[in-house]
Structures are given as C-alpha cells and as structure tokens.
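Student: pasting the sequence and the predicted coordinates here, then a few questions.
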Amino acid sequence: GTRASENGALWSLDLNDDTPSLKPITANYPEVFHPHGISLLKEDGKQYLFVVNHPSTTQHQIDVFELSGSNSATLIESITFPELISPNDVHAVSRHRFYITNDHSAPRQTLGEKAEDFLRLAKTNVLFYDNGTVTEVVNDLYMANGVLTNAEQTKLFVAESTGERISMYTRESSEAPEWTLNNHIALDVMPDNLEWSENGKLLVASHPKALDFLLHTFDQSVIAPSVAHAIDVESGSV
C-alpha cells in the first residue's frame with residue numbers, strides 16, 4: 001500500500017493547566033508510525049498506551065508503549081494479525097487483552113471502502129484480542145468507530161458512525177463468550193471516540209456534519225465542526 005510521507009507522533013496535554021499546550025512524547029517509535037485510536041491502561045502500578053498504527057493502507061498493527069512520566073514512552077510490543085483490515089479504535093482491558101474496531105470491511109483507499117461509505121453498508125466489526133487469540137465479538141455494524149467496556153467487562157459500547165448511534169451489548173459475566181445487543185442510543189450526528197467521564201457518564205465525541213468532515217480529510221482548510229455528548233447509560237438520557 002501507499003505510505004504517508006511523514007510520521008506522526010504521540011502528544012500529551014495537561015488538562016489541569018489553565019492554558020494547556022501540546023507536549024511531544026519522546027519514544028522509540030516504530031520506523032513507520034501513523035497513529036489512530038489510543039487506549040490508556042493502568043495495571044500493576046504501570047501505565048500502558050495502546051496505539052492503532054497504520055504503516056500503510058494494507059498494513060496495520062497495535063503498538064504497546066509503556067509510559068514513564070507524562071512525556072516519555074518505550075515501545076514494548078507491536079501486535080498484528082490478519083483480521084486488522086481497517087482498524088480504528090482500541091480499548092485495552094489488560095496488558096495482553098484488548099478490543100478493536102474495524103471501520104471498514106474493505107482495505108483503505110479502495111473502491112470497496114468508498115462503496116461502504118456511500119451505500120452505508122453495515123459490514124464492520126469489533127474484534128477481541130486475548131493473548132494471541134482473535135475472536136469477532138460483534139459484526140454487521142455501520143462503520144464501527146469508538147469502542148469501550150465497563151469496568152466489570154459486562155457492557156460493551158460501540159460508536160456506529162454512519163449508523164448515527166451508540167450500540168450497547170451486554171453479557172452475563174466477564175467470562176461469558178456471547179455479547180447480546182441490549183440497546184441503541186440514537187444520535188443525530190456521526191459518533192467517533194468514546195471515553196468514561198469521572199462521574200461515570202459515557203462521553204461521545206462526534207461529527208455533526210458528515211460532508212464537512214469528509215471534505216476536511218481531503219483539505220484541512222475546510223473546517224469541520226465537532227460536538228460532545230454525555231450519556232447516562234443506565235437511563236439512556238443524552
């Protein structure tokens with residue numbers, strides 16, 4: 001596949017600062033680094049940052065960094081497997097276990113990818129990586145994007161961008177293999193990333209104008225608006 005010319009990087013932003021500014025994170029980055037979705041895992045007193053990396057349009061990997069302080073990181077593992085068709089977001093649940101979304105079922109920058117966008121096909125999925133074993137946990141999604149679970153690992157949330165909704169799946173215990181669709185939370189926008197707020201609300205970052213966002217990806221001078229929602233997942237109130 002074709003490669004972008006210059007590498008990306010990771011940055012930190014101190015939100016306790018009145019005027020926060022981006023600070024680069026120094027790391028032994030992979031030779032080709034085009035980062036996408038990220039997930040911060042705190043485990044056994046350590047902090048790990050999982051990063052979706054697109055070395056090319058047909059090569060994708062999950063790079064796992066260990067953070068030491070806020071602006072230094074060490075790449076400790078790069079994980080790849082054939083099911084990474086067009087990975088978007090990652091949600092780490094332990095050092096060797098994570099969820100990942102494919103936002104298309106066709107490779108990037110192909111006719112099939114464009115067809116999925118324009119025909120609004122529900123062909124994408126969520127994968128679970130468990131220490132080398134990959135399983136598809138949810139499929140037939142409309143451009144799966146952000147992914148998140150609750151702390152108990154009994155609720156799974158997926159942002160379906162072209163579906164303009166958050167889909168919530170449940171299972172009886174953290175060891176149960178089957179996820180069941182429990183609820184759709186409809187949004188009149190294209191949802192993207194998901195995160196938990198400090199008070200337990202599901203935070204959703206979205207694109208209210210799909211066409212502007214598409215144009216922005218081709219030409220950065222076209223401004224694309226954004227919007228955030230806080231969702232109470234128990235009541236469904238947005």
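Tutor: Yep, it's here. Numbers count the residues shown, from 1 in each chain.
Student: how about the helices of the chain, start to end?
Tutor: Secondary structure of the chain by DSSP state H: the helices cover 111-119, 210-218.
Student: middle-most residue in this protein, spatially?
Tutor: Centre of the chain computed as the mean C-alpha position; nearest residue by CA atoms, centre = their mean is residue 89, 1.6 Å away.
Student: now for it: which residues touch it?
Tutor: Residues in contact with residue 89 (CB atoms under 8 Å, 6 or more residues apart in numbering) are 36-37, 39, 52, 100-101, 145-147, 193-194. For glycine as for every other residue, the C-beta is placed from the backbone atoms N, C-alpha and C.
Student: show me what the helix or strand of the chain with the lowest mean pLDDT is packed against.
Tutor: Least confident helix or strand, the chain: helix 111-119 with a mean of 72, by mean pLDDT, DSSP states H and E. Using 3 or more CB pairs under 8 Å, 6 or more residues apart in numbering; DSSP states H and E as the contact criterion, no helix or strand is in contact with helix 111-119.
Student: can you show me the CA trace of it as CSV?
Tutor: Below are the C-alpha coordinates for helix 111-119, written out as CSV (Å, rounded to 0.1, in the frame of the first residue of the first chain):
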residue,chain,number,x,y,z
LEU,A,111,-13.3,1.1,-4.3
GLY,A,112,-14.8,-1.2,-1.8
GLU,A,113,-14.1,1.2,1.1
LYS,A,114,-15.8,4.1,-0.9
ALA,A,115,-18.8,1.8,-1.6
GLU,A,116,-19.3,1.1,2.1
ASP,A,117,-19.3,4.8,2.8
PHE,A,118,-21.7,5.9,0.1
LEU,A,119,-24.1,2.9,0.3
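Student: buried ones in that helix?
Tutor: Across helix 111-119, burial judged by 16 or more other CB atoms under 10 Å covers 113, 116-117.
Student: sort out for me which of the contacts of residue 89 are in strands.
Tutor: Members of the contacts of residue 89 lying in strands (criterion: DSSP state E): 36-37, 39, 52, 100-101, 145-147, 193-194.
Student: how's the protein carved up into domains?
Tutor: Domains of the chain are assigned by automatic domain parsing as 1-80, 85-238.
Student: now do residue 215: how many residues are near it, please.
Tutor: Neighbour count of residue 215, defined by other CB atoms under 10 Å: 15.
Student: wait, what's in contact with it?
Tutor: Residues in contact with residue 215 (CB under 8 Å, 6+ apart) are 222, 224.
Student: residue 160 contacts residue 166, correct?
Tutor: Yes. Using CB atoms under 8 Å, residue 160 is in contact with residue 166, at 7.4 Å.
Student: number of residues surrounding the nearest residue to the residue nearest to the centre of the chain once chain neighbours are set aside?
Tutor: Of all residues not flanking residue 89 in the chain, residue 37 sits nearest, at 3.4 Å (CB to CB, 6 or more residues apart in numbering). The number of residues packed near residue 37 is 22, by other CB under 10 Å.
Student: kindly report the same for the one 5 residues further on.
Tutor: Other residues near residue 42 come to 10 when the count uses other CB under 10 Å.
Student: which residues does it contact?
Tutor: By CB under 8 Å, 6+ apart, the contact list for residue 42 reads residue 48.
Student: then the one 4 residues further on?
Tutor: When the contact criterion is CB under 8 Å, 6+ apart, the partners of residue 46 are residue 66.
Student: for it, give its distance to residue 120.
Tutor: To residue 120, residue 46 is 42 Å away according to CB to CB, to the nearest Å.
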